[in-house]
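Asks: Generate coordinates for the sequence data below:
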Amino acid sequence: MDHNILWKEVLTKAKKQFDPAHFTTFLAKTELQDIKDGQATIACPNTYSLDINKVRNKDILTKLINEVSLQPLTLNFILNATPQISITKKIDDTPLFKPETVKQVDIASHGLHPRFTFQNLIVGNSNNFAYAAAQAIVNSPGSTYNPLFIWGGVGVGKTHLMHSIGHELKAKNPNMRLRYFPAENFTNDLYQALRTKSIDKFKDKYRSLDCMIVDDIQFLAGKEYGQEEFFHTFNALHLAGKQIILASDRKPTDIKDLEDRLVSRFLGGLTVDVQLPDFEMRIAILKQKAEDKNIKITSEALDYLAQNNPSNIRALEGKLQEAALMALSKQQPEVSINTFDQAKIDTSGLFHKTNPRHILSICAKTLNIKTGDIVGKSRQAPIAKARHLTAYILLTVGNLPLQEVGEILGGRDHTSIMHARDKIHTALSTDPQLSILFHQIKASL
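Replies: Below is the predicted model:
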């Protein structure tokens, strides 16, 4: 059987066994490169998916490929790296990092950034619901969720998700009249049209769209005439069955000085929130950013950044770039923990930790299990599960190191805590009840 056909059948079966977000992030972009001497070589698009497939997905994928190929095969996962041309200073003929290569395209007509696509969007617990809604819109624009209102703080990936939807819609229908723009651009265009007496041209520009993607919708607040015109534009598109996608840093009901009729329209479709990435997602995002720029960084240095819970992922990426430049100036071949020390990166105000005792108390209360039992020696299934979830939350939400979490949970060693972390991480994508408990605890912290 042809390798591509074989692996396509494996992925079709795998899609039924994995959570959609997990499948998209770790499996959808893998390739079967070769089968030789009873070994199948699977290429992964980045180091994060490589690690996850090696540790967590290997057994299921092995079973599936054996079923499809009708022969016993062992899986070998490798990195499917795409060579890039370096234009930066080299150390021992090896580039420390290379700038991102962005495809040069004309974005004037649709406003979509070429780098913000589903191909490089990391999907995890903080955005999987929004991602699922985005996929539904791509498959059936204008009818599934209309409007889609995405809200969340700065740097959580709202804009990336919106652009990704736009790119996918344009790929499926190149003739679609689609445009992404910040709400401020809408009001600026309106006032310019009033000054130049070209209001008809303005209306045609926005009301002839098949898909309108508007960012930072909160900037309409307090602008009475801007809200008036946006209300009529919204109605014209919505009544015509055109897709509308909106984003804000807060939910519609929390935007002050926004007319009730607009709030009502915005709530008429689907409202989803995107949270700050958890530890696992932060690792994935940092790895991808390092790969995009070809920054060489040790796993310990990545963990150092990810363990500190940032209030803004963009600021965290800036610290990664800062450390890479410092390593380059010091003639270091890669970014390491020592690089962070030498760079004297100021993390005050950027990172925070939640009190571990408070986390432990909230976990015990939510799970209806005594704190003493969670930190005790009992191995009863409900208590063990509560202990595993508590360990996971202490690591990913509290941003505590493995050793400290072990001490808090009754003096357990770091390998036990790692086991608990990996077990809960896997279960969150397959156990809806566990996922609900996890988000309840996070919301209570």
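
Asks: Give me the distance between Gln71 and Lys8.
Replies: According to CB to CB, to the nearest Å, Gln71 stands 17 Å off from Lys8. From N, CA and C alone the C-beta is placed, and that goes for glycine too.

Asks: Ok, Pro72 next?
Replies: Relative to Lys8, Pro72 is positioned 21 Å away (CB to CB).

Asks: For the two, indicate the residue with more neighbours.
Replies: Neighbours per residue (other CB atoms under 10 Å) separate Pro72 from Lys8, with Lys8 holding more: 12 against 9.

Asks: Surely the more buried one is within a helix?
Replies: Yes - using DSSP: H, G, I helix; E, B strand; the rest coil, the secondary structure at Lys8 is a helix.

Asks: for the stretch 1-150 of the chain, what spans make up the strands?
Replies: For the stretch 1-150 of the chain, applying DSSP state E, counting those that start in this stretch gives strands covering 31-36, 39-44, 74-79, 90-91, 94-95, 148-151.

Asks: Same check on the stretch 301-445 of the chain?
Replies: Along the stretch 301-445 of the chain, the stretches classed as strands by DSSP E, counting those that start in this stretch are 309-310, 351-352.

Asks: Any idea which of those has the lowest pLDDT on average?
Replies: Set side by side, those give their lowest mean pLDDT on strand 351-352, at a mean of 44.

Asks: gap between Gly406 and Leu400?
Replies: With distances taken as CB to CB, Gly406 is found 10 Å from Leu400.

Asks: quick one, domains of the chain?
Replies: Domain ranges of the chain: 3-79, 123-273, 279-351, 356-444, per automatic domain parsing.

Asks: Of those domains, which is nearest His110?
Replies: His110 sits nearest to domain 123-273 of all the domains of the chain, at 5.4 Å, using CB to CB.

Asks: ok so, going back, lowest average confidence across the domains of the chain, which one?
Replies: domain 279-351 (a mean of 74).

Asks: okay, now Ala420: neighbour count?
Replies: Ala420: 24 surrounding residues under other CB under 10 Å.

Asks: ditto for Thr298
Replies: Each residue near Thr298 was counted by other CB under 10 Å, and the total is 14.

Asks: For it, list the residues it contacts.
Replies: Thr298 sits next to Glu334, Val335, Ser336, Ile337 when contact means CB atoms under 8 Å, 6 or more residues apart in numbering.

Asks: for the first one, what are its contacts?
Replies: With contacts defined as CB under 8 Å, 6+ apart, Glu334 is in contact with Leu96, Lys296, Ile297, Thr298, Ala327.

Asks: Recalculate using a threshold of 7 Å.
Replies: Neighbouring residues of Glu334 by CB atoms under 7 Å, 6 or more residues apart in numbering: Lys296, Ile297, Thr298, Ala327.
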